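Trainee: what would the 3D arrangement of this be:
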Amino acid sequence: MHDTDFIIVGSGSAGSVLANRLSASGKHRVTVLEAGGTDRRFFVHLPLGYGKLFYDPKVNWCYQTEPDPGLAGNRDFWPRGKLLGGSSSINAMVYIRGHRADYEEWGAVVPGWGWDECLAAYKAMEDTEAGADDWRGKGGPLFVSENRRGLHWLVEDYIAACGQAGLPYNRDFNGAVQEGAGTYQMTIHRARRNSAARAFLRPAMGRKNLRVITQAMVTRVLIEGGRAVGVEYQRGGETLTLRCNAEVILAGGAINSPQLLQLSGIGPAALLQGLGIGVVQDNPNVGDHLNDHQGINYTWEMKVPTYNDLLRPWWGKLFAGAQYVLTGSGPLAKSINHGGGFFRTRADLDRPNMQLYFQAFSTLVPRNGERPLLTPDPFSGLSIGLSNCRPTSRGHIRIASADPFTHPTIVANAFSTDNDVEEMLAAVKFLRKIAAQPAFAARMKQELRPGLEVQTDADLIADFRARSGTVYHPSCTARMGADAAGSVVDARLRVHGVAGLRVCDASAFPNLIAGNTNAPAMLMGWKGAEVILAEAR
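Mentor: Next comes the predicted model:
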């Protein structure tokens, strides 16, 4: 007998939920290994503080892609959380489940993951501020803010302009209908970020059967006789081994989980052999099928004040800080994405294929070492962003070395299909249509990015290739499927060909969800725990 039953690698959106649920009964000893450190940092808990974490290697893996022809040859920066809570501790906190049809597609591939099963899991997981109904849950561990109060007044103009452009108001993107414009729900509770660590992991950390080890970089899964029996990890300059009685569960996310599988001999045989890694299970799908949403902002100079006017000057910072400390309100208490929406670029589509992000704010002027959310542009600026919901472009992740501390090679292949280019072209035209509506037009001074000189289709395409980038939703790199022919794990998250090993995070999505991926990643942990506990002895 070893000193733990389950080993969870990673304490992010899925890993925190797994840790909570697997340890809840007290029957199983659970150990979480997290490569990063604590989440007890001021800018982690300050909702608008995530700009300070954007380039911080103390809490962020700071990945970069390979130069991407689809992004005009640019490298794209991919922040991923490296601390308790993972990326849920550094993200923009927008809570979107995705479209019902996304999960119907999941269920057609992997039984047990259809809409009805996932809706039941979401309702059990949530404690939504609006209260329970046919679509939303109340009383679960995850508080979800309705985000109705304290919004910038321009949100109302944005929603009105969308309506004038043909996109109606939608009160709840997680309700019966996804399409429309409105305000985003947030994983914020009592003016603090409500990360997966805060909602799930920390309430469980007082249990005697749960152990959380930070600064523990797992370097490989130990596999004996075709079964995962533990992991090797480095901590404080030492190489340590942890063995388990039940299972090893990878929850490192769409980059780290396939990386660790490959380092452990599970992946494309030719790649592993070329790096001197013994092949345990040849599976070319490990790291393949990488899918990610690509986004861009259009930015305007305004005739009316925006958050730039409050957060740029020292006195405005002082006022916003006092407002936050004394009342738990104001711009610091929220994400910058107050509003948004979903729309279709063609009427014949059966569901939205584009997502909107409204920001009474702009950050065209860079700031060294951070995303300047707390020091915006020195003029009244406003941005509307968008991202594609179900891109058809696919990339891949490959280890570049047998050294686990070397970042893997990330090939995004953004806008590598005609479909993705055509959708984005139609979408940016719709952004301008929104801005031209009476509710907005009188308040706008000029379009700054890309500027009205960019008009032809060719110029619009060249612009979004040059300025687009990830909206931080990489997925599907160890995806679920019926067999190893096109997947890495089965419907019960078990790695094909290796016993005692599962992957439970966004890398296991069968396909990419239409919307922000933090909620679906936590769903993976919730349902994954159900699957694991049903089989546990």
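Trainee: which of the helices or strands spans Val428?
Mentor: For Val428, the host element (DSSP states H and E) is helix 418-435.
Trainee: contacts for the next helix or strand after that helix?
Mentor: Toward the C-terminus, helix 418-435 is succeeded by helix 438-441 as the next helix or strand (DSSP H and E). Helix 438-441 is contacted by residues 157-158, 160-161, 163-164, 434-435 when judged by C-beta atoms under 8 Å, 6 or more residues apart in numbering. In this view, the C-beta of every residue, glycine as well, is placed from N, C-alpha and C.
Trainee: again, but for stretch 363-380
Mentor: The contact list for stretch 363-380 (C-beta under 8 Å, 6+ apart) reads 48-52, 54-56, 299, 301-309, 311-312, 317, 336, 361-362, 381, 383, 445, 448-449.
Trainee: buried subset of these?
Mentor: Neighbour counting by 16 or more other C-beta atoms under 10 Å classes 48-52, 54, 56, 299, 301-302, 306-309, 311-312, 336, 361-362, 381, 383, 448-449 among these as buried.
Trainee: quick one, strands of the stretch 251-400 of the chain?
Mentor: Along the stretch 251-400 of the chain, counting by DSSP state E, counting those that start in this stretch, strands occupy 266-267, 281-282, 294-302, 339-343, 354-359, 381-388, 396-398.
Trainee: format those as a markdown table; extra columns: mean pLDDT and distance to Ala426.
Mentor: Listed next are the strands of the stretch 251-400 of the chain as a markdown table, based on pLDDT from 0 to 100; distance: least, C-beta to C-beta, whole Å:
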| stretch | mean pLDDT | distance to Ala426 |
| --- | --- | --- |
| strand 266-267 | 98 | 37 |
| strand 281-282 | 97 | 41 |
| strand 294-302 | 98 | 13 |
| strand 339-343 | 97 | 10 |
| strand 354-359 | 98 | 8 |
| strand 381-388 | 98 | 10 |
| strand 396-398 | 98 | 28 |
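Trainee: how about TSV for these, with distance to Leu523 added?
Mentor: Formatted as TSV, the strands of the stretch 251-400 of the chain follow (distance: least, C-beta to C-beta, whole Å):
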stretch	distance to Leu523
strand 266-267	25
strand 281-282	27
strand 294-302	22
strand 339-343	19
strand 354-359	18
strand 381-388	20
strand 396-398	22
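Trainee: now, of the ones you listed, which is deepest in the fold?
Mentor: Mean neighbour count (mean count of other C-beta atoms under 10 Å) peaks for strand 266-267 among the strands of the stretch 251-400 of the chain, with a mean of 28.
Trainee: got a list of contacts for that strand?
Mentor: 221, 258, 261, 280-284, 286-287, 399, 495, 497-498.
Trainee: and what of stretch 428-436?
Mentor: By C-beta under 8 Å, 6+ apart, the residues outside stretch 428-436 that reach it are 158, 161-162, 165, 167, 296, 298, 300, 343, 345, 354, 384, 386, 440-441, 444, 447, 460, 463-464.
Trainee: now do the buried residues in that stretch.
Mentor: With burial defined by 16+ other C-beta under 10 Å, the residues of stretch 428-436 counted as buried are 428, 430-431, 434-435.
Trainee: which one of the residues you listed is nearest to Glu422?
Mentor: When the buried residues of stretch 428-436 are ranked by distance to Glu422 (C-beta to C-beta), Val428 comes first, at 11.5 Å.
Trainee: tell me how far that closest one lies from Gly295.
Mentor: The spacing between Val428 and Gly295, counted by C-beta to C-beta, to the nearest Å, is 11 Å.
Trainee: list the residues that contact both of those two?
Mentor: Residues within reach of Val428 and of Gly295 at once, by C-beta under 8 Å, 6+ apart, are Leu386.
Trainee: and the next helix or strand past the helix or strand harbouring Phe43?
Mentor: Using DSSP H and E, Phe43 maps to helix 42-45. Going down the chain from helix 42-45, the next helix or strand is strand 63-64, by DSSP H and E.
Trainee: centre of the chain versus that following strand, how much separation?
Mentor: 15 Å (C-alpha atoms, centre = their mean, to the nearest Å).
Trainee: and it, what does it pack onto?
Mentor: strand 77-78 (3 or more C-beta pairs under 8 Å, 6 or more residues apart in numbering; DSSP states H and E).
Trainee: which outside residues touch the strand it packs on?
Mentor: Applying C-beta under 8 Å, 6+ apart, the external contacts of strand 77-78 come out as 55, 61-65, 255, 410, 469-470, 472, 474.
Trainee: list the contacts for Glu66?
Mentor: Contacts of Glu66 (C-beta under 8 Å, 6+ apart): 75, 409-412.
Trainee: selecting buried members of those in PyMOL, what would you type?
Mentor: Applying 16+ other C-beta under 10 Å to the contacts of Glu66, the buried members can be selected in PyMOL as follows:
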select buried, resi 409+410+411+412
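Trainee: let me have the contacts of Glu66 in TSV, adding distance to Gly10, secondary structure and pLDDT as columns.
Mentor: TSV is the format used below for the contacts of Glu66 (distance: C-beta to C-beta, whole Å; DSSP: H, G, I helix; E, B strand; the rest coil; pLDDT from 0 to 100):
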residue	distance to Gly10	secondary structure	pLDDT
Arg75	25	coil	98
Thr409	20	strand	98
Ile410	18	strand	98
Val411	23	strand	98
Ala412	22	coil	98
